[in-house]
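1. quick check, what structure comes out for this input:
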Amino acid sequence: MAGVRSGVGAAGLTAALVVGLLVGCSAHAEDSEKHERRIGEAAADREEYVGELVVFDAKQIALGELALEQSKDPQVREFAKKLVADHRKHLKDLEAWAEQKRIEVAAVDLSTQSEQGTGGSGSAGVQEGYEERMVGVDKRLDEAIVDAKEDLKELREKESGDFDKAFLSRVVDDQKDGKDLVGDGLDTYRADASFGLLLNHTYNQIDQTLERGKQVEKVVD
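-> Next comes the predicted model:
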């Protein structure tokens with residue numbers, strides 16, 4: 001008497017394979033969507049960081065131009081002139097790098113209402129992650145611009161005898177904050193060779209400006 005075989009049979013095996021494929025495809029699609037969202041989030045984070053650098057440059061340029069208008073001290077004026085030149089160059093280099101990366105740079109004018117550039121492109125998952133992450137970014141950058149304008153207003157109202165020291169103190173404090181900001185970027189974007197090179201140069205320039213500002217601060221009456 002022939003033995004009886006047990007098993008799922010051809011139809012059952014086919015069904016099991018189909019279910020397995022569907023589960024695998026679903027898991028793969030979910031992983032792919034998460035990956036795309038992370039790309040979008042990272043793009044938003046980088047855009048905000050670039051915006052912070054732009055605000056930093058714009059403020060230092062405005063501070064230097066204000067000193068050139070109000071200070072009569074030769075050392076302060078020389079320092080201010082170098083401050084403006086350095087940060088204009090950095091801003092130009094930053095914009096050139098951003099253009100290569102297709103990153104929209106915020107247009108910041110500390111004398112008027114600011115305009116923030118926002119971009120973002122890609123698949124639905126990338127765009128969704130980007131847009132969700134960008135919630136609040138413009139607000140934070142706007143707040144940074146308002147703070148910068150307040151510092152400039154306060155400095156502009158200083159009497160001539162108090163202006164130079166207040167200007168140098170403000171720049172020294174800002175350059176310390178700038179070192180922290182750039183240092184964070186060097187840690188975060190170490191994998192981006194071109195951006196890392198730009199940030200490394202920026203860090204060294206800020207360090208030089210900081211030391212020079214401290215020196216001038218010591219000798220200004």
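
2. where does this protein have its least confident helix or strand?
-> Lowest on mean pLDDT, DSSP states H and E among the helices and strands of the chain sits helix 124-134, with a mean of 64.

3. with just CA atoms, put the helix or strand that comes right after it into PDB.
-> Scanning the chain past helix 124-134 towards its C-terminal end, the next helix or strand to appear is helix 137-156 (assignment: DSSP states H and E). The C-alpha atoms that make up helix 137-156 are tabulated as PDB, following Å, rounded to 0.1, in the frame of the first residue of the first chain:
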ATOM      1  CA  VAL A 137      13.200  77.000  10.400                       C
ATOM      2  CA  ASP A 138      12.200  80.400   8.900                       C
ATOM      3  CA  LYS A 139      10.900  81.500  12.300                       C
ATOM      4  CA  ARG A 140      14.200  80.700  14.000                       C
ATOM      5  CA  LEU A 141      16.200  82.500  11.300                       C
ATOM      6  CA  ASP A 142      13.900  85.500  11.600                       C
ATOM      7  CA  GLU A 143      14.400  85.500  15.300                       C
ATOM      8  CA  ALA A 144      18.200  85.500  14.800                       C
ATOM      9  CA  ILE A 145      17.800  88.500  12.400                       C
ATOM     10  CA  VAL A 146      15.700  90.400  14.900                       C
ATOM     11  CA  ASP A 147      18.400  89.800  17.600                       C
ATOM     12  CA  ALA A 148      21.100  91.000  15.200                       C
ATOM     13  CA  LYS A 149      19.100  94.200  14.500                       C
ATOM     14  CA  GLU A 150      18.600  94.800  18.200                       C
ATOM     15  CA  ASP A 151      22.400  94.600  18.800                       C
ATOM     16  CA  LEU A 152      23.000  97.000  15.900                       C
ATOM     17  CA  LYS A 153      20.400  99.400  17.200                       C
ATOM     18  CA  GLU A 154      21.900  99.400  20.700                       C
ATOM     19  CA  LEU A 155      25.400  99.900  19.300                       C
ATOM     20  CA  ARG A 156      24.200 102.700  17.000                       C
END
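
4. and helix 137-156, what does it pack onto?
-> Contacts of helix 137-156 with other secondary structure elements, assessed using 3 or more CB pairs under 8 Å, 6 or more residues apart in numbering; DSSP states H and E, are made with helix 9-70, helix 160-188. Just so you know, the C-beta spots here come from the backbone N, C-alpha and C atoms, and that holds for glycine as well.

5. pick out the shakiest of those helices, pLDDT-wise.
-> Mean pLDDT per stretch puts helix 9-70 lowest among these, at a mean of 80.

6. how about the helix or strand just after it: buried residues?
-> In the C-terminal direction, the helix or strand that comes right after helix 9-70 (DSSP H and E) is helix 74-100. Applying a neighbour-count criterion of 16 or more other CB atoms under 10 Å, one finds 75-77, 79-80, 83-84, 86-87, 90-91, 94, 97-98 buried in helix 74-100.
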